[in-house]
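> sequence plus the predicted model coming up.
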Amino acid sequence: MSDETLTPIGGYFELELPNRVGFPFAEANRFQSARAAFLALLRAGRPKRVWMPRYICDSMLAPLEQEGITYLWYELDDQLLVDENCEIENSDWLLYVNYFGICDVNVAALLKRFPPDQLVLDYSQAFFSTPAENALATVYSPRKFFGVPDGGLLMSQISISAPEIRDTGSFDRTPHLLKRLGESPEAGYPFYQTAEESLGLCEPQRMSQLTEIILSSIDFDYAGKKRLQNFRYLHKKLGKLNAIAVDPLQASGPLCYPFATQDSALRNRLLTARIFVATYWHEAVDRVTEEWAESMIMNLLPLPIDQRYGPADMERIISIITGEH
């Protein structure tokens, strides 16, 4: 029997990836998902209560419910800032989302308003934003930005041990990545849904070796610059049509270009043109106001601006929105 601790030489090839350029946030704790990272943080810090925004994905509530930790809602204003009436006690934490990756200035304001060691920053939509050094913790979700099967990163002031068990489920979460690469987004979509559902269990595990290797092969500098270029391109052409105020100076490699519209048929017109936009987040409709649900959930279109695209792709999106074909 061979010694598996030795580096293999020869034999068949693995999937070819670019030369490794380094793992992002090398000092971060690595988990199979952002929600698993949050659960590990909760277990280590044991807050009495956690303040959560009403406008958030249910997946970040699951760790709180699993640990039996009380959570309370806070409101956001029209600048996506924590409502001025929100006050937290000494044993509380407050979680804030860096929405769409364009809320760095809001984060800076929160760090002055609340004790930093009680703030958890959810950067699932802000991979390119630098973690705040004095915040209690910052959580990242790389798969929102890159073609990786899973993964979550945690920067924390609390010492957290790496989970003993390493995630082995990544191989079952790759079919949608390969289908999209070799076939089409439509062919891979059912596999994407299955992969997302498989991350519902958030018991912390170490990030898989497969995800670590793929992440290490990505040119992050290129991806960040392309995202910013595309974001600014769309804002220059669509800013005056956007029903929400977007400050391009707050963006540093954002997730998307958030475009709010009163045109309720626009989402379907984009879909017909094979321009796919997500909805953030259907499950929050019942806990926000009717006005917020309409403007920030049903009629907010997170337009794609990622590193796969350039000016011609942005023009195609713009032409559908403006009707100028």
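Now that the structure is in, tell me what you want to look at.
> send the alpha carbons of the longest helix anywhere in the chain over as PDB?
Using DSSP state H, we find that the single longest helix of the chain is helix 220-238. Provided in PDB are the C-alpha atoms of helix 220-238 (Å, rounded to 0.1, in the frame of the first residue of the first chain):
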ATOM      1  CA  PHE A 220      -8.900  38.200  -7.300                       C
ATOM      2  CA  ASP A 221      -7.300  41.400  -8.400                       C
ATOM      3  CA  TYR A 222      -8.700  40.900 -11.900                       C
ATOM      4  CA  ALA A 223     -12.100  39.900 -10.600                       C
ATOM      5  CA  GLY A 224     -12.400  42.900  -8.300                       C
ATOM      6  CA  LYS A 225     -11.400  45.400 -11.000                       C
ATOM      7  CA  LYS A 226     -13.800  43.900 -13.600                       C
ATOM      8  CA  ARG A 227     -16.700  44.100 -11.100                       C
ATOM      9  CA  LEU A 228     -16.000  47.700 -10.300                       C
ATOM     10  CA  GLN A 229     -15.700  48.700 -14.000                       C
ATOM     11  CA  ASN A 230     -19.000  47.000 -14.900                       C
ATOM     12  CA  PHE A 231     -20.700  48.500 -11.800                       C
ATOM     13  CA  ARG A 232     -19.600  52.000 -12.800                       C
ATOM     14  CA  TYR A 233     -20.600  51.400 -16.400                       C
ATOM     15  CA  LEU A 234     -24.100  50.500 -15.400                       C
ATOM     16  CA  HIS A 235     -24.400  53.300 -12.900                       C
ATOM     17  CA  LYS A 236     -23.300  55.900 -15.500                       C
ATOM     18  CA  LYS A 237     -26.000  54.800 -17.900                       C
ATOM     19  CA  LEU A 238     -28.800  53.700 -15.500                       C
END
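> need the contact list for the residue most central in space within the chain.
Centroid-nearest residue in the chain, with Cα atoms, centre = their mean: Ser124, separated by 2.7 Å. Residues in contact with Ser124 (Cβ atoms under 8 Å, 6 or more residues apart in numbering) are Ala34, Val97, Val139, Tyr140, Ser141, Lys144. (Each C-beta comes from the backbone N, C-alpha and C, glycine too.)
> in TSV: those, plus secondary structure.
Formatted as TSV, the contacts of Ser124 follow (DSSP: H, G, I helix; E, B strand; the rest coil):
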residue	secondary structure
Ala34	helix
Val97	strand
Val139	strand
Tyr140	strand
Ser141	coil
Lys144	helix
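> three-state assignment of Trp51?
Trp51 ends up strand, using three-state DSSP.
> from what I see, it and Trp93 are in contact.
Yes. Counting by Cβ atoms under 8 Å, Trp93 is a contact partner of Trp51 at 7.1 Å.
> in the stretch 101-250 of the chain, which spans are helices?
104-113, 175-182, 185-198, 209-216, 220-238 (DSSP state H, counting those that start in this stretch).
> packing partners for the longest one?
In this structure, helix 220-238 packs against strand 257-260, helix 311-322, with contacts taken as 3 or more Cβ pairs under 8 Å, 6 or more residues apart in numbering; DSSP states H and E.
> hmm, Gln209 is touching Thr168, no?
No. Counting by Cβ under 8 Å, Gln209 does not reach Thr168; the two are 9.0 Å apart.
> hang on, the earlier thing: in TSV, list the helices and strands packed on helix 220-238 along with mean neighbour count and mean pLDDT.
Listed next are these as TSV, based on neighbours: other Cβ atoms under 10 Å; pLDDT from 0 to 100:
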stretch	mean neighbour count	mean pLDDT
strand 257-260	22	96
helix 311-322	16	96
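> I'd like those laid out as JSON lines, including distance to Arg267.
JSON lines is the format used below for those (distance: least, Cβ to Cβ, whole Å):
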{"stretch": "strand 257-260", "distance to Arg267": "10"}
{"stretch": "helix 311-322", "distance to Arg267": "10"}
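> nearest to Met155, of the ones you listed?
Judged by Cβ to Cβ, the one of those that comes nearest to Met155 is strand 257-260, at 25.1 Å.
> could you export the closest one as PDB, CA atoms only?
What follows is strand 257-260, C-alpha atoms only, in PDB (Å, rounded to 0.1, in the frame of the first residue of the first chain):
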ATOM      1  CA  TYR A 257     -25.600  46.700  -9.400                       C
ATOM      2  CA  PRO A 258     -28.900  47.100  -7.400                       C
ATOM      3  CA  PHE A 259     -31.500  48.600  -9.800                       C
ATOM      4  CA  ALA A 260     -34.900  49.400  -8.400                       C
END
